[in-house]
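Peer 1: Predicted model, plus sequence, below.
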Amino acid sequence: AAYKGLYGAMPGVAMQDYASARLIVVWGCNPSATGIHLVPYIKQARAQGAKLIVVDPRATPLARQADLHIPLRPGTDLPVALSLINHLFETGAADEVFLANHTTGGEELRRRAAEWSIDRAAEEAGVAPELLTCFGEWYSEINPAVIRCGWGPERNRNGGSATAAV
């Protein structure tokens with residue numbers, strides 16, 4: 001019920017499909033320790049030119065290999081995710097037709113995300129704003145993209161909201 005409440009009826013992404021991604025985001029997850037079956041597909045995608053972003057306070061094995069590592073302060077996943085959503089809206093990269101047709105609360109999401117600029121979230125998270133700007137640009141421009149959200153963001157106050165925002 002919690003999964004359906006967060007993600008709706010959309011199916012998850014099969015591990016094999018990661019090999020076809022051009023951008024892979026691993027957020028709050030360490031597949032090298034907790035999902036070793038996913039790592040070969042990430043490596044296959046990287047060998048084919050995919051970019052890898054890892055959002056994790058720790059320099060995990062994948063973070064050390066990533067094109068972009070966002071070492072955010074623990075518990076700041078929500079403002080970082082909201083700043084990226086805000087960036088998508090501000091730059092016109094948000095798929096507003098999809099949001100209107102397949103979601104509820106899209107305008108409320110836009111309103112709440114508007115409070116979080118890249119600079120404000122970067123300061124809160126203890127990271128350089130350039131890292132978040134790069135993340136937002138890559139996510140806007142590189143397709144197909146896939147996000148693997150782990151349990152890390154859930155382990156803090158507002159964890160459910162952080163996971164939903166990711």
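Peer 2: Great, that's in hand.
Peer 1: What count of nearby residues applies to residue 119?
Peer 2: Neighbourhood size, residue 119 [other C-beta atoms under 10 Å]: 12. C-betas here are computed from N, CA, C, even on glycine.
Peer 1: all strands of the protein, in order?
Peer 2: Taking DSSP state E to define them, one finds strands in the chain at 23-27, 51-55, 68-70, 145-149.
Peer 1: And the contacts of stretch 130-138?
Peer 2: 23, 25, 51, 53, 55, 68, 70, 80, 83-84, 87-88, 91, 93, 118, 121-122, 125 (C-beta atoms under 8 Å, 6 or more residues apart in numbering).
Peer 1: all helices for the protein, in order.
Peer 2: 2-7, 31-34, 39-47, 61-65, 77-90, 96-102, 106-113, 118-125, 129-141, 159-165 (DSSP state H).
Peer 1: Tell me how far the third one lies from the chain's centre.
Peer 2: A distance of 18 Å separates the centroid of the chain from that of helix 39-47, by C-alpha atoms, centre = their mean, to the nearest Å.
Peer 1: In it, which residues are buried?
Peer 2: 39, 41, 42, 43, 45, 46 (16 or more other C-beta atoms under 10 Å).
Peer 1: next one: the fourth one
Peer 2: Going by neighbour count (16+ other C-beta under 10 Å), the buried part of helix 61-65 is 62, 63.
Peer 1: Kindly report the same for the fifth one.
Peer 2: Of the residues in helix 77-90, those with enough neighbours to count as buried (16+ other C-beta under 10 Å) are 77-89.
Peer 1: Strand 51-55 and that one, what's the angle between them?
Peer 2: 140 degrees (axes from the mean of the first three to the mean of the last three C-alpha atoms, to 10 degrees).
Peer 1: could you give the mean pLDDT of helix 77-90?
Peer 2: Across helix 77-90, pLDDT averages out at 97.
Peer 1: Show residues contacting it.
Peer 2: So helix 77-90 is in contact with 27-28, 55, 70, 72, 93-94, 109-110, 112-118, 120-122, 124-125, 127, 132-133, 135-136, 139-140, 152-153, 156, 158-159, 161-163, 165-166, going by C-beta under 8 Å, 6+ apart.
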